[in-house]
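Undergrad: next come a sequence and a model predicted from it.
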Amino acid sequence: MNAEIIAKALGGRRAGSGWTARCPAHDDRTPSLSLRDADDGKVLVRCQAGCDHDKVISNLRPRGLW
């Protein structure tokens with residue numbers, strides 16, 4: 001799993017060197033979830049609206065995206 005796959009599954013798009021998508025942890029009307037691949041192969045996710053990292057991941061897991 002990488003940032004591109006997760007972002008595209010959420011209807012996201014490329015943003016600079018990473019990706020952006022609507023956050024699955026809240027009713028996101030404008031994309032606030034930033035995703036990028038780290039050098040060690042991990043995917044870094046951050047909701048710019050302030051959702052807790054664990055909440056974002058717990059909403060990605062049931063979708064098979066984490």
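TA: Yes, it's here.

Undergrad: so who does T20 touch?
TA: Neighbouring residues of T20 by Cβ atoms under 8 Å, 6 or more residues apart in numbering: 7, 12-13, 31-35. Glycine gets a C-beta too; all of them are placed from N, C-alpha and C.

Undergrad: strands of the protein, start to end?
TA: 13-15, 18-21, 33-37, 43-47 (DSSP state E).

Undergrad: export those as JSON lines, with columns for distance to S58.
TA: Converted to JSON lines, those look like this (distance: least, Cβ to Cβ, whole Å):
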{"stretch": "strand 13-15", "distance to S58": "24"}
{"stretch": "strand 18-21", "distance to S58": "16"}
{"stretch": "strand 33-37", "distance to S58": "14"}
{"stretch": "strand 43-47", "distance to S58": "12"}
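
Undergrad: now render those as TSV, adding mean pLDDT and distance to N59.
TA: Supplementary listing: the strands of the chain in TSV, determined by pLDDT from 0 to 100; distance: least, Cβ to Cβ, whole Å:
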stretch	mean pLDDT	distance to N59
strand 13-15	97	19
strand 18-21	98	12
strand 33-37	98	10
strand 43-47	97	10
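
Undergrad: out of those, flag the one nearest A3.
TA: Nearest of the strands of the chain to A3, taken as Cβ to Cβ: strand 33-37 at 4.0 Å.

Undergrad: noted, bye for now.
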